[in-house]
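>>> kindly generate the corresponding structure for this input.
(chains A and B)
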Amino acid sequence: MSKVRVRFAPSPTGGLHLGGVRTVLYNYLFAKKNGGDFIVRIEDTDQTRFVAGAEQYIFDCLKWCGMKPDESPLTGGPFASYRQSERKESYRTYAEQLIKDGFAYYAFDTAEELEKMRNDFKTAKNPSPQYDGKIRMQMKNSLSLSADEVKKLLDENTRHVVRIKMPAGETISFTDMIHHEVSFDSSLVDDKVLLKADGMPTYHLAVVVDDYLMQITHAFRGEEWLSSTPVHVLLWKYLFGLDKMPQWAHLPLILGPSGKLSKRDGAKYGFPVFAMNWPQAPAGTDPKTNELTEGFKERGFLPEAFINLLAVLGWNDGTEQELYSMDELISSFSMDRVHIAGAKFDFEKAKWFNQEWIKKLPVADYLDRVKAIFEAKGIVITDEAHFAKILELVKERCTLLPDFFDQAFFFYQTPVTYDEASVKPKWDEARQDFFTALISRYNVLSDWSINSIETEFKNLATEKNIKVGELQMIFRVMLVGSKMGPGVFVIAETIGKEETTNRIEKALINFSQL
RNA sequence: GCCGCGUUGGUCAAGGGGUUAAGACGCCUCCCUUUCACGGAGGAAUCACGGGUUCGAAUCCCGUACGUGGUACCA
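Down below sits the predicted model:
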C-alpha cells in the first residue's frame, strides 16, 4: 500500500482564514501522524480574482503556524508544478477524453444566453434553474447540435466550455470519513463546467486530475464541498477508476457569532478572522474591504495557541486535555473524532488559550515580538536578559502579547501621574515622614535584594508604628503610578536602588499637594 | 424553491439505551493578595420540538422547526 499523501489547496484570492487554517491543520496532522506527505498546491485558475503575492502570503502563514509542506510550489518536489495555472495543458487532455467517451460535451452558450435561460426557466418554485439533463437539449452544445454544426463552430474557434454530462436517475454515493455514507440523486446535479473558455479547468476537473497525478490518498476539505462531491466521484469513475479515488473527509464549518464566518469585513466581529495580516483585499471586491485586515499574529497571538485553539474547535480526543503542542496533536489526532456539526468561534476562549500558552512557554520564545511592541511604543530595550526577567514577572497576567506593554511599561518609565484617589485618604504627615525616612534607609542599604528591601521597609514601619499593608499600597503607587503589577518589593528590586529612591522622592513632591 | 449536511448550558464539548448528563471558556459568590492577575473553593445554566420503538430514550426510528452549505465559465 502506498504512503499517505494529503494536500491543501488554497486559492490565492483572499486571506488564509480560520476555516482554512484548520483545514490545513487537520491535513497536516493526519499526514504527520501516518508518516505521510503533506503537500500544498495552488489553485490559481481563477484569473480574475487572483491576487499577486497571495502565494507567498499563504506560505508565510503556514510557516508561522509551524506547518511546513513537504512539497509545494515553493519547496519543489516530484510532482511539480504545484500551480494549476502551469498545468493547464494536462487538464485539456482529460477533458477531451471525457468527451470522446461520452461523459462530457462542448457547450457554446454565451454568458447572455445562459442568463436568458436562467431568466426564462425561473419560477417561484425554481428560483435558480440549472444547466442540467432537463434543459441541456434546449441549449447550444455538442449534444443538441448536429455533428456538422459542432465541427463548424469548433473550426471557427468559437468560445466554448466543456461540461460534464450528468447521468439521469443514478444514485451516487460515497463514503466520507466524517459523514460516513452520503448519497445524491444524479438528476438533481447540474452539468458542471469542467473546462472554462479560457482553457483553465474549474476546481471540479482540477482536483480530480491533480489528486490522481499527485497520488493523493486522502482529500480533506471544508463541508462547503460536500454538495459537489458527486461530480468529483463521477469524474474519478470516468477517468481513473473508483478504486484509485482518495478517501474523502468533509470538515465541519467554523461559524461566526451570528451565522457563517465571513472572510469579508473581518473587523465586524471585533476579532481577527485571518491567520496573519492580509495585505491586499481580493481584486474586484467591494473597495470597502480594501483595508488592512487584522490577523491573529498581529493581534498578539502565539502560533502555539492559535494552532491549539483551532485544533480543538471541531475535534477532541475524548480526554479532558485541552492544551496540546503540535507534537501532542500529531500523536493524539484522529479523523474519526472530528465532529460532524459546525462550531461557533468564541474569541473569549481563544484568548484563554493564548494566556495559557504565554504562561506555558519560556519568555525567550516570544521575547523578540514583545520587544518589538515596546520599541514601537518608544521604549528601547538594551538589556535583553533584564527584559526577560521583567517579562517573566508579568507573564501570568497577560492574555495577548500587547498586554506585556501595559503590564510592564512602568519598569522603564517613571510615573507621571498617580492614582491620587487611592492615596489621598491615607496620606498624612506620618506617611510622608515614613517615606522620607525610607529614602535615607534605602540609600545606605548595601544589599539591594528583595528580602532586604522588604525587611528594611517593615522594620521602619514597625519603628514608626504604622501598618505595613497600607504603606505597601502607597509605595506601589509611588513606583508604578497605579495599583497594578507584581509584588512591590520585586518591582523595587528590579528597577534598582537609585530609581526606587528617585521615584519615592518624585512622588513625595506630588503627594505634598494632596 | 430544490438538494445535501447538521442540532447536548450563552460558547466549545464528553457521553451513542439505565449516569446525580463530565470538563473547559464566559458569568456570579467566597478565599488568597491591603494592587491587578495567577491559584483555590463554590454557584447559576443544557439534551430544539412532536410522535413512535422499548420495562427504560440525550442516546434508536419518523416527522416538524431551526441553522448551515450548495444550487457560477468562484474556489
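>>> show me the shaky parts of chain A.
A:1-2, A:264-267, A:279-292 (pLDDT under 70).
>>> return the residues in contact with the closest residue to RNA strand B within it.
Proximity of chain A to RNA strand B (CB to the nearest atom of the strand) peaks at A:Gly469, 1.9 Å away. Heads up, the C-betas are built off the backbone N, CA and C, glycines and all. Contact partners of A:Gly469, counting by CB atoms under 8 Å, 6 or more residues apart in numbering, are absent.
>>> any idea which element it lies in?
Assessed by DSSP states H and E, A:Gly469 sits inside helix A:468-480.
>>> got the CA positions of that helix in PDB?
Listed next in PDB are the C-alpha coordinates belonging to helix A:468-480 (Å, rounded to 0.1, in the frame of the first residue of the first chain):
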ATOM      1  CA  VAL A 468       2.600  47.800  56.700                       C
ATOM      2  CA  GLY A 469      -0.300  47.000  54.500                       C
ATOM      3  CA  GLU A 470      -1.500  50.500  53.600                       C
ATOM      4  CA  LEU A 471       2.100  51.700  53.300                       C
ATOM      5  CA  GLN A 472       2.700  49.000  50.700                       C
ATOM      6  CA  MET A 473      -0.200  50.300  48.700                       C
ATOM      7  CA  ILE A 474       1.200  53.800  48.800                       C
ATOM      8  CA  PHE A 475       4.700  52.500  47.900                       C
ATOM      9  CA  ARG A 476       3.200  50.800  44.900                       C
ATOM     10  CA  VAL A 477       1.500  53.900  43.600                       C
ATOM     11  CA  MET A 478       4.800  55.800  44.100                       C
ATOM     12  CA  LEU A 479       6.700  53.300  42.000                       C
ATOM     13  CA  VAL A 480       4.000  52.300  39.400                       C
END
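>>> off-centre distance for whichever helix or strand comes after it?
Sequence-wise, the next helix or strand downstream of helix A:468-480 (DSSP H and E) is helix A:488-495. Helix A:488-495 has its C-alpha centroid displaced from the chain centroid by 39 Å (CA atoms, centre = their mean, to the nearest Å).
>>> which strands or helices does the helix or strand just after helix A:488-495 pack on?
Using DSSP H and E, the helix or strand that follows helix A:488-495 in sequence is helix A:497-511. Secondary-structure packing of helix A:497-511 (3 or more CB pairs under 8 Å, 6 or more residues apart in numbering; DSSP states H and E): helix A:429-443, helix A:468-480.
>>> which parts of the stretch 151-300 of chain A sit against RNA strand B?
A:159-161, A:179, A:182-185, A:188, A:190, A:193, A:196-198, A:200, A:202-203, A:223-228, A:252-253, A:255, A:258-260 (CB under 7 Å from any atom of the strand).
>>> ok now stretch A:137-153, how far from the chain's centre?
Taking mean C-alpha positions (CA atoms, centre = their mean), stretch A:137-153 and its chain are 47 Å apart.
>>> can you check stretch A:215-228 too?
Worked out by CA atoms, centre = their mean, stretch A:215-228 lies 19 Å from the chain centre.
>>> stretch A:203-216 now?
25 Å.
>>> which other residues reach it?
A:2, A:5-7, A:9, A:39, A:41, A:43, A:45, A:79, A:84, A:87, A:90-91, A:94-95, A:164, A:192-195, A:201, A:219, A:228, A:231-232, A:235-236, A:239-240, A:244, A:246.
>>> if we use 7 Å, what do you get?
A:2, A:5-7, A:39, A:41, A:43, A:45, A:79, A:84, A:90-91, A:94-95, A:192, A:194-195, A:219, A:228, A:231-232, A:235-236, A:239-240, A:244, A:246 (CB atoms under 7 Å, 6 or more residues apart in numbering).
>>> which helix or strand contains the residue nearest to A:Leu194 when sequence neighbours are not counted?
Of all residues not flanking A:Leu194 in the chain, A:Leu205 sits nearest, at 4.2 Å (CB to CB, 6 or more residues apart in numbering). Per DSSP H and E: A:Leu205 is located in helix A:203-213.
>>> give me the buried positions along that helix.
Residues of helix A:203-213 classed as buried: A:203-212 (neighbour count, 16 or more other CB atoms under 10 Å).
>>> with distance to A:Glu71 added, can I get the residues you listed in CSV?
Conversion of the buried residues of helix A:203-213 to CSV gives the following (distance: CB to CB, whole Å):
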residue, distance to A:Glu71
A:Tyr203, 20
A:His204, 23
A:Leu205, 21
A:Ala206, 17
A:Val207, 16
A:Val208, 19
A:Val209, 17
A:Asp210, 12
A:Asp211, 14
A:Tyr212, 16
